[in-house]
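# sequence and predicted model, in that order:
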Amino acid sequence: MVPPATATASVDAPMALGSPDAPAIKAPVKDTILTPRFYTTDFEAMAAMDLRPNEVELEAICEEFRKDYNRHHFVRTDVFEGAAEKLDPDTRKVFVEFLEQSCTSEFSGFLLYKELSRRIKQKNPLLAECFAHMARDEARHAGFLNKSMSDFGLQLDLGFLTANKAYTYFKPKFIFYATYLSEKIGYWRYIAIYRHLEQHPESKIYPIFNFFENWCQDENRHGDFFDALMKAQPSTVRGPVARLWCRFFLLAVFATMYVRDVARKEFYEALGLDAREYDKYVIDKTNETSARVFPVVLDVKNPKFWERLEKLVENNAKLSKADQDGGPAPIRNLKKIPYWIANGKEMAKLFFMKPILSHEFQPAVR
C-alpha cells in the first residue's frame, strides 16, 4: 500500500516542531510480534461488498456515528498542567511506553479507516461513511495521546510513521476479525481501568484516565460496526473454515495481549492493578462479547488455558534475555530457536483445545 499522502491532516500536532519548546521526536520502537502493526487490505473487494443482508443495522450504526457523541469530550483542562512532573522516573518510563503503544495503535486504525473511506467512497458510500466516522474517532484518540506525550517532552512523528512503517496485508475478512477484537478488547481494557480508578482514585497517576469512560464507548461502537459488517457477510461467521479462523484470531489477540501486559506489569502496578488478573478479566469479557457474532469462542475458564499462556510468558522472558545478553545476531538467534519452537508448541496446544459453541455459550443473546 502506498501510504495516504494526506493521512495525518486530521491529527493535531502538539506544537510546531521548530519552536524552542517543541517536544523531542520519539524514535519509533522496533517492530516485534508484540508491537502494534499498520494494515492494508483489498480495497476493490471492500468496495464491492453487498451490505443488503444487514443494511438496516449498518445504517442505524452509521446514524450513531453521525451524532459524534464525543465531539466535545477530548478537551484538555488545567488539571494536566504539572501532572507529568509528579511522576517518579520509573512510573514516568512505563507510562510513556503506554502512551506510545496506545497512540501507535489508534493511529494505525485511523490510517486504515481513512484510506478505506477514501478508496470505496464512489462504489460503497454507506460503508465509506462508516469508515470515515471511525477514522475521525481514531484520529482524535491518537492526537490526544500524542499531546499527552508532549507533556513529557516527547512526541511521535505520525507523518514519519505513515511513510516509513511497514504495512501488513490482510484480506478483508481477516481485517474484520482482527479489528472487531481490537475494538472490543479496547473497550474492556479502558472501562476496566476507569472503574478500578473510580474506586481507587489515589492510583490515578495521570488525568488522561478521566476520559476513559466516554473514550471506551467509541471503541464499543466501532466493535458493533464490525459485528454488523460480519453479519452482512455471512461467510465470515458461518461454516467450519470460519470457526477455525475465529478461534485463531481470538487466540492470537488474547495471547499477544497477555504476554505483552505481563512483560509490562510495572505499568499496571503503578495503577494498583495486577497485570495477570486484569488481563484475565478483559479476556473473559471479550470472549463473552465475541460469542454474539463469532460461531465459537475459547474455553478461557479451563485452567490449562492459563497454564499454557504462562509458558508463553516464560519463553518470552527467555527470548528477551537472549537479546539482552548481546553478541552477534546469528548466535542470539541460535539461542532463541528452542524458545520459538516451545512457543509454537504451546500455541498449537492452545489452538486445539476444545472451543465453546457460541449458541450454547450465549443462547439468550444469539
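Sure thing, it's come through. Residues are numbered from 1 along each chain as shown.
# so who does the residue most central in space within the chain touch?
Centroid check for the chain by CA atoms, centre = their mean gives residue 182 as the closest residue, at 4.4 Å. Residues in contact with residue 182 (CB atoms under 8 Å, 6 or more residues apart in numbering) are 105, 109, 253. Heads up, the C-betas are built off the backbone N, CA and C, glycines and all.
# with residue 181 instead?
Residue 181 is in contact with 249, 250, 253, 286, 290, counting by CB under 8 Å, 6+ apart.
# which of the helices or strands spans it?
In this assignment (DSSP states H and E), residue 181 forms part of helix 172-199.
# and the helices in the stretch 251-366 of the chain, which stretches?
265-270, 275-290, 303-324, 329-351, 358-361 (DSSP state H, counting those that start in this stretch).
# mean neighbour count and distance to residue 245 added to those helices, as CSV?
Shown next, in CSV, are those (neighbours: other CB atoms under 10 Å; distance: least, CB to CB, whole Å):
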stretch, mean neighbour count, distance to residue 245
helix 265-270, 17, 31
helix 275-290, 20, 13
helix 303-324, 16, 19
helix 329-351, 14, 11
helix 358-361, 16, 14
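# now those as TSV including distance to residue 205 and mean pLDDT?
Shown next, in TSV, are the helices of the stretch 251-366 of the chain (distance: least, CB to CB, whole Å; pLDDT from 0 to 100):
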stretch	distance to residue 205	mean pLDDT
helix 265-270	6	97
helix 275-290	15	97
helix 303-324	25	93
helix 329-351	33	92
helix 358-361	37	84
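# related to what we said a few turns ago, okay, and which of the contacts of residue 182 map to strands?
Of these, none are assigned to strands by DSSP state E.
# what two of the contacts of residue 181 are the furthest from one another?
249 and 286 (11.4 Å; CB to CB).
# list the contacts of residue 129.
Residues in contact with residue 129 (CB under 8 Å, 6+ apart) are 62, 65, 117.
# one more time with 7 Å, if that's ok
The contact partners of residue 129, by CB atoms under 7 Å, 6 or more residues apart in numbering, come to residue 62.
# for it, which three-state class applies?
Put simply, residue 129 is helix when judged by DSSP: H, G, I helix; E, B strand; the rest coil.
# quick check: domain ranges of the protein?
23-236, 302-355 (automatic domain parsing).
# one step back: which of the helices of the stretch 251-366 of the chain sits closest to residue 57?
Shortest distance between residue 57 and those, using CB to CB, is found for helix 275-290: 16.6 Å.
# what packs against that closest one?
For helix 275-290, the packing partners by 3 or more CB pairs under 7 Å, 6 or more residues apart in numbering; DSSP states H and E come out as helix 172-199, helix 240-263, helix 265-270.
# ok, residues contacting the last one?
Here helix 265-270 makes contact (CB under 7 Å, 6+ apart) with 90, 91, 94, 95, 98, 205, 261, 274, 275, 278.
# buried residues, the particular helix or strand that has the third one in it. List them.
Assigned by DSSP H and E, residue 94 falls within helix 89-119. By neighbour count, and taking 16 or more other CB atoms under 10 Å as the criterion, the buried residues in helix 89-119 are 91-92, 94-96, 98-119.
# could you pull up the mean pLDDT of that helix?
Across helix 89-119, pLDDT averages out at 94.
# that helix vs helix 172-199, what angle?
140 degrees (axes from the mean of the first three to the mean of the last three CA atoms, to 10 degrees).
# helix 89-119: how far from the chain's middle?
The chain centroid and the centroid of helix 89-119 are separated by 8 Å under CA atoms, centre = their mean, to the nearest Å.
# start the count at 233 instead of 1 going forward.
Sure, I'll start numbering at 233, so the last one becomes helix 321-351.
# all strands of the stretch 233-382 of the chain, in order?
Using DSSP state E, counting those that start in this stretch, the strands of the stretch 233-382 of the chain run over residues 256-258, 270-272.
# which of those strands has the lowest mean pLDDT?
strand 256-258 (a mean of 59).
# if I look at the spatially closest residue to residue 403 that is not a sequence neighbour, how far off is residue 450?
Leaving aside its sequence neighbours, residue 403 sits nearest to residue 274 (CB to CB, 6 or more residues apart in numbering; 6.3 Å). Counting by CB to CB, to the nearest Å, the separation of residue 274 from residue 450 is 26 Å.
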